[in-house]
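J.: Sequence first, predicted coordinates after that:
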Amino acid sequence: MNVIVFATNNAHKLEEVRRMVGDGMEIKSMAEIGCTDDIPETADTLEGNAELKARYISERYGVDCFADDTGLEVDVLGGAPGVYSARYAGPGHDSAANMAKLLRELDGVDNRRARFRTVIALCRGGRLTTVEGVVEGVIAREPAGNGGFGYDPVFIPDEAGGLSFARMTADAKNAISHRGRAMARLLEIL
Ligand code: IMP
């Protein structure tokens with residue numbers, strides 16, 4: 001069976017991607033190849049961060065590898081938090097703090113248009129390729145739902161009849177999500 005490493009420490013992302021790929025390919029986590037490093041995401045673009053993570057693992061461990069980086073882009077915030085989505089409420093803050101800050105910034109704002117963008121970089125045989133996936137939607141007025149992770153309770157995709165990502169099943173989210181779309185393109189290449 002084909003084996004490839006997904007350069008992430010995020011258990012939610014790993015679970016989503018394994019579910020999308022199914023039995024056709026074995027996805028190994030960083031921990032499963034003995035890597036516990038916290039790879040610094042020092043680039044100022046999603047592409048840059050995805051590429052540096054994929055290259056880091058591929059070069060040090062001699063494996064084919066892919067990595068993703070995701071940003072939530074809010075129109076009235078000029079595309080913020082974007083590449084800084086994980087640290088929006090400051091270093092060391094969690095998703096609840098990030099969502100609370102976002103809802104504060106959008107308090108009383110009617111234009112809530114936003115999108116999730118994922119870039120996946122594949123490093124195979126030393127060569128880098130990137131693919132992208134986007135899902136359009138709006139930021140809710142308050143969090144709803146317990147599924148998913150990150151900003152899922154406050155993101156309502158256009159295609160889900162008003163449900164937030166956190167209120168959708170894993171399969172329904174994956175079918176339309178930024179990461180699901182980027183993964184579909186990656187699987188065409190693989
Ligand atoms: P990163 O790709 O791990 O850097 O993610 C950036 C930020 O977006 C983090 O705060 C994640 O929790 C959040 N994020 C990434 N993917 C998703 C998703 O599928 N749904 C909701 N939030 C996400």
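T.: Looks like it came in fine.

J.: okay, CA-based contacts and neighbour counts for the rest of this
T.: Fine.

J.: For the nearest residue to residue 176 once chain neighbours are set aside, what are phi and psi?
T.: Among residues not flanking residue 176 along the chain, residue 135 sits closest, at 6.9 Å (C-alpha to C-alpha, 6 or more residues apart in numbering). Dihedral angles phi and psi of residue 135 (degrees, to the nearest 10) take the values phi -130, psi 130.

J.: since we're on residue 135, how many residues are nearby?
T.: Using other C-alpha atoms under 10 Å, residue 135 has 20 neighbouring residues.

J.: Just the mean pLDDT for the helix or strand containing residue 5, thanks.
T.: Per DSSP states H and E, residue 5 falls inside strand 2-6. Averaged over strand 2-6, pLDDT sits at 93.

J.: Go ahead and confirm the residue nearest to residue 176 touches residue 173.
T.: No. Assessed by C-alpha atoms under 8 Å, residue 135 is found out of contact with residue 173, at 10.4 Å.

J.: ok so, going back, what pairs with the strand holding residue 5, parallel or antiparallel?
T.: Strand pairing for strand 2-6, determined by DSSP bridges: strand 25-28 (parallel), strand 65-74 (parallel).

J.: Buried deepest among those, which one?
T.: Highest mean neighbour count among those (mean count of other C-alpha atoms under 10 Å): strand 65-74, with a mean of 24.

J.: now that strand, how far from the centre of its chain.
T.: Remark: strand 65-74 is offset 4 Å from the chain centroid, using C-alpha atoms, centre = their mean, to the nearest Å.

J.: Does the ligand have contacts with it?
T.: Yes. Contact of strand 65-74 with the ligand (C-alpha under 6 Å from any ligand atom) involves 68-71.

J.: can you pull the pLDDT of residue 40?
T.: pLDDT, residue 40: 88.

J.: Burial check on it, number of neighbours?
T.: For residue 40, using other C-alpha under 10 Å, the count is 9.

J.: any idea which helix is longest in the protein?
T.: helix 46-61 (DSSP state H).
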